[in-house]
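Participant: Test case, fold it:
(2 chains)
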Amino acid sequence: MVTTHATDTRTKLIRIFTFLGGIYFFLYFVLPESAVASLGMKAHHEQISNGFIVIGAMALGLGLYNIVRAHGARVVFQRSGWFNSLALLIGLVAMIGATSAQWIENLRNTRDIRSVQVLGEFATRIVEDAKSPPTDRVVPPFAERVSALVRYGEDRVSLIESHTNVSVDAGTNGASSALVGEVRDRIATTRVKLGELKTVSWDQPSDESLSRLTQFSQDAAKLASSYSIIKRSHDAHSTSQKVYDFLFDGLFNQLGSAMFALLGVYIAAAAYRAFRVRTIESGLMMTAAVIVMLGQISFGKEIYEHMPSIRQWLLEVPNSAAFRAIRLGAGVAGLMLAIRMWLSIESKSFSSGRK
Amino acid sequence: MSGLEHITPGILVVLVIAGIILYRELKRAQGGYHHFIRRIPGVDAVEGAVGRCAELGRPVVFTTALTDVGPVLYACLGVLHAVARKVAQYKLKLIVPQYSPEAMALVEDTVREAYRDVGRGSSFDPDGIKFLSSEQFAFASGYMGLMHREKAGAAFMFGAFAAEALVLAEAGQQVGARQVAASVSPEQVAFFICTCDYTLIGEELFGASAYLSREPVQVATLAAQDRLKLLFLVLIVVGVLFATLQVWYPSLAAWMPHHLLSADWSSLSW
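Facilitator: Residues are numbered from 1 along each chain as shown, chains lettered A, B, ... in the order given. Below you'll find the predicted structure:
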C-alpha cells in the first residue's frame, strides 16, 4: 500500500515536471522576445539551460556506475563473457587514467603560464595606480609593491629557467633550439630589468621609475608569451599526452575507421542481394541503381549522352519526393508523440504496470 | 534567442490544430470508437520472428541504435514492450544492446514491465540490457560481436540510424537472423531494404507500437497524425495550385497568405 502511494506520488511528480519543462520551452518558443524579457525568463534562461547540462552529466555518471556494476559483477563471479568485461573495464580505467593525468598536467601548466603572465600585468597595474588620482581603494605603498614585484619576478624567472632546462635535458621535446635560445635571451633581459628596478629609489613614483616599470611590463609579457609556447610544446610530448594519443588517436579512432571501412564490403554484399531481380519492385530498384551508377561515371556518357541528366533527375525528383514524404510523415508522427509526452497522456504499456 | 528558433504564425496554427485533432481523437477513443489500422506486414512479422526464435531456441536481439531520449525512442519502447512480452511468454532470451546511457534506464524499465505484465517478472534478466558504447562504430563493432556470439534468431532494429545501419544489418544476415528494421532516417532505409526481411519506413515506426498493442491512446495518436497529414496534403495541393496559377495571374500573389504565416514576430513589442 505504501509502495503504491510512493509510486503514485513519483508518477505525479514526473508528470508535473514534464509539463512545466514543456510549457517553459513552449512559451519561450511562442512569445515575442520583449515578452520573454518582461516575464523574467530571459534572465534565467542560461541557468536553466545549464541545469540540463548538469542533468546530462549526472546521467553520464549513472551510466558509468551501471557499467562498473554490470561488468564488475560479471568479472567477479566469472560469468560467461567475463573476459570481454574485463577488457572493457581495463580500457575504461586506462582511458579515465590517461585523460585525468592529461587534464591535471594541463591544469598545472595553465596555472604556471598564468603565474608568469600576471608579472607584466602586475607592473602595468602599479603604473596605472601611480598615475591615477587617489581613490577610496586602499593599496599598499608604491615602494612596497615594487619590492613585491621584484621578489615575485625573480621567483618566476627561476621557474621559467628550470622548466626550460628540463625541456632541453629531455631533448627539447619538440621545442626548437631557436625557441629555447629566444626564451633564454628573454630570461637574461628580464633579469637585467629586475636588477635595474632594484637600483632605483622607489619612495615616490617618478617619470623615470614609471618608464622603467612600463618597459619591464612589456619585457615580462614577451617572456610569458615565449614561455607559453615552450611549455605547450613540452606538454605535447609529455608521457600523459603520449598515452592519451596512443589510446585515443592510435587505437580508438583507428578501430573506428576500420569498422567504417567494412561498409565498403557490406555495401557490395547488400547490393548483390538487392539486385537479384525477383519482383517488379526489385527490378525497378535495380534499373534506377544502374542508371544512377552509370550516370555517375564518364563511361555512362559514352553509352548514352543524356545518362548524367537522367541520373540527376532521378536523384532530384523521385528520390527527393520520397525523402520529403518520409521526413514529413516522421515529423508529424514525432510532433503528435511529443504533444502526448508533454501532456503525459501515457499509454497502458508504460503506465498501468507501474501502479 | 540563442539556441531556439522562434515560432511563426504558421507553425502556431499547425500546433493548435495538431492539439485539437489529438484531443478529439483521444476523446473518441475513450468513448469506445474503434479506429481502423491497415495491415503492416513488417509489424506482423514481429510475432513470427519471435516464434521462430522459440522454435530454434535462439535469443532475440532488439536495438534502438543511436536513438536518444525523445519521441522516436518513446515509439521504439512501445514495440520493445510488445516484443519483450512475447519473449517472456515463450521463455526466450532477450538482448537489448544500448548506445545511450540515458535511454538505457528507460529501456530496462520497459522490458521489466513487459515481463511483469505477463507474470514472469522473476525471469527478467537485467544482464540482457547491455551497454555497448556511446561511440557509433564501437557500438557497431560490439553489436557485430554479440550477434556472432549469441547466434540471434531474430533482430529488431528500431529507431535512428546512421552509417552503422548496414554494419548492424549485415551482422544479422551473417548469422541467419530474421530481421525487421524501422528507421526515421530515410538515408538508411535503402540499406535496410537490401539486408532485412521486413522494413518499416518513416512513420510506420510510430504506427508499429499502436498496431501491436491496439491500445486506445496509441491508436488515437496514430489516427490524429493521419488527420494532420491529410491536412498537410490538402495544403500542399492548394499551394501547388496557387503557385502554378500565379504564373498566368501574378496578381494572385496578393491573396497568398504565406507572408502572414511566415512573419517573424520575435521582435514584436509587448
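
Participant: CA only for contacts and neighbour counts going forward, please
Facilitator: Will do.

Participant: Only the C-alpha atoms, please, for stretch B:175-182, written as PDB.
Facilitator: Below are the C-alpha coordinates for stretch B:175-182, written out as PDB (Å, rounded to 0.1, in the frame of the first residue of the first chain):
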ATOM      1  CA  VAL B 175      24.100 -15.400 -38.600                       C
ATOM      2  CA  GLY B 176      20.800 -16.000 -40.400                       C
ATOM      3  CA  ALA B 177      18.600 -14.000 -38.100                       C
ATOM      4  CA  ARG B 178      15.200 -12.900 -39.300                       C
ATOM      5  CA  GLN B 179      15.400  -9.100 -39.300                       C
ATOM      6  CA  VAL B 180      12.800  -6.400 -39.000                       C
ATOM      7  CA  ALA B 181      14.100  -2.800 -39.300                       C
ATOM      8  CA  ALA B 182      12.300   0.600 -38.800                       C
END
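
Participant: list the buried ones in stretch A:250-263?
Facilitator: Buried residues in stretch A:250-263, counted by 16 or more other Cα atoms under 10 Å in any protein chain shown: A:252, A:255-256, A:259-260, A:263.

Participant: Just the mean pLDDT for stretch A:330-339, thanks.
Facilitator: Mean pLDDT, stretch A:330-339: 88.

Participant: ah, wrong one, I meant stretch B:170-190
Facilitator: Mean predicted lDDT for stretch B:170-190 stands at 91.

Participant: Same check on stretch A:42-58?
Facilitator: 82.

Participant: Leaving out chain neighbours, which residue sits closest to the one residue sitting closest to the centre of chain B?
Facilitator: Geometric centre of chain B, nearest residue: residue B:205, 3.5 Å, by Cα atoms, centre = their mean. Using Cα to Cα, 6 or more residues apart in numbering or on different chains and skipping residues adjacent in sequence, the residue nearest residue B:205 is residue B:182, 5.5 Å away.

Participant: Test my guess that the one you found contacts residue B:207.
Facilitator: No. Counting by Cα atoms under 8 Å, residue B:182 does not reach residue B:207; the two are 10.6 Å apart.

Participant: Settle it for me: which of the two has more neighbours?
Facilitator: residue B:182 (30 against 24; other Cα atoms under 10 Å in any protein chain shown).

Participant: Closest to chain B out of the buried residues of stretch A:250-263?
Facilitator: Set against chain B, the nearest of these by Cα to the nearest Cα is residue A:256 (5.3 Å).

Participant: what's the spacing between the closest one and residue B:133?
Facilitator: 12 Å (Cα to Cα, to the nearest Å).

Participant: By mean pLDDT, flag the weakest helix or strand of chain B.
Facilitator: For chain B, using mean pLDDT, DSSP states H and E, the weakest element among its helices and strands is helix B:258-261, scoring a mean of 70.

Participant: Quick check: residue B:201 touching residue B:189?
Facilitator: Yes. With contact defined as Cα under 8 Å, residue B:201 counts as touching residue B:189 (6.8 Å).

Participant: Name the residues contacting each of the two.
Facilitator: Residues touching both residue B:201 and residue B:189 (Cα atoms under 8 Å, 6 or more residues apart in numbering or on different chains) are B:182-183.

Participant: returning to what we had before: the residue nearest to residue B:205: which element?
Facilitator: strand B:178-183 (DSSP states H and E).

Participant: Tell me which other helices or strands that strand touches.
Facilitator: helix B:41-56, strand B:154-160, helix B:165-174, helix B:186-195, strand B:198-201, helix B:204-213 (3 or more Cα pairs under 8 Å, 6 or more residues apart in numbering or on different chains; DSSP states H and E).

Participant: Looking at these, which is nearest to residue A:57?
Facilitator: Of all the helices and strands packed on strand B:178-183, it is strand B:154-160 that lies closest to residue A:57, at 22.6 Å by Cα to Cα.

Participant: relative to helix B:204-213, how tilted is that closest one?
Facilitator: Strand B:154-160 and helix B:204-213 meet at an angle of 130 degrees, taking axes from the mean of the first three to the mean of the last three Cα atoms, to 10 degrees as the criterion.

Participant: Strand B:154-160 near chain A at all?
Facilitator: No. Strand B:154-160 does not reach chain A (Cα under 8 Å from any Cα of the partner chain); its nearest approach is 11.2 Å.

Participant: and that strand, average pLDDT?
Facilitator: For strand B:154-160, the per-residue pLDDT averages 94.

Participant: And the contacts of it?
Facilitator: By Cα under 8 Å, 6+ apart, strand B:154-160 touches B:49-50, B:52-53, B:59-67, B:72-73, B:76, B:172, B:177-185, B:205.

Participant: any idea of the angle it forms with helix B:186-195?
Facilitator: Using the same axes, to 10 degrees: strand B:154-160 against helix B:186-195 is 170 degrees.

Participant: who does strand B:154-160 pair up with?
Facilitator: strand B:60-65 (parallel), strand B:178-183 (parallel) (DSSP bridges).

Participant: Kindly provide the distance from the residue lying closest to residue B:21 once chain neighbours are set aside to residue B:183.
Facilitator: Nearest residue to residue B:21 in three dimensions, chain neighbours excluded: residue B:224, at 5.7 Å (Cα to Cα, 6+ apart). Distance of residue B:224 to residue B:183, computed by Cα to Cα: 21 Å.

Participant: which one of these two has more residues nearby?
Facilitator: Here residue B:224 and residue B:183 are compared on neighbour count by other Cα under 10 Å; more neighbours surround residue B:183, at 29 against 24.

Participant: if you count residues, which helix in chain A comes out on top?
Facilitator: helix A:82-131 (DSSP state H).

Participant: how would you label residue B:119: helix, strand or coil?
Facilitator: coil (DSSP: H, G, I helix; E, B strand; the rest coil).

Participant: any idea how far residue A:136 is from the closest residue to residue B:97 other than its chain neighbours?
Facilitator: In space, and not counting its chain neighbours, residue B:97 is closest to residue B:130: 4.7 Å by Cα to Cα, 6+ apart. Remark: distance between residue B:130 and residue A:136 (Cα to Cα) = 65 Å.

Participant: higher neighbour count, those two?
Facilitator: Neighbour tally, residue B:130 and residue A:136, criterion other Cα under 10 Å: the higher count belongs to residue B:130, 21 against 5.

Participant: Name the helix or strand for that one, please.
Facilitator: Per DSSP H and E: strand B:129-131 holds residue B:130.

Participant: Likewise for residue B:264?
Facilitator: With DSSP H and E as the test, residue B:264 turns up in no helix or strand.

Participant: Next one: the closest residue to it other than its chain neighbours, what pLDDT does it get?
Facilitator: Excluding its sequence neighbours, the residue lying closest to residue B:264 (Cα to Cα, 6+ apart) is residue B:8, at 5.9 Å. Here the pLDDT value assigned to residue B:8 is 81.

Participant: Tally up the residues packed near residue B:8, please.
Facilitator: Using other Cα under 10 Å, residue B:8 has 17 neighbouring residues.

Participant: For residue A:103, give its distance to residue A:91.
Facilitator: Using Cα to Cα, one gets 18 Å for the distance from residue A:103 to residue A:91.

Participant: do the same with residue A:228
Facilitator: Following Cα to Cα, the distance that separates residue A:228 from residue A:91 is 33 Å.

Participant: Looking at those two, which is more packed in?
Facilitator: Between residue A:228 and residue A:91, counted using other Cα under 10 Å, residue A:228 has the larger neighbour count: 20 against 13.

Participant: Having no further points to raise, I will conclude here.
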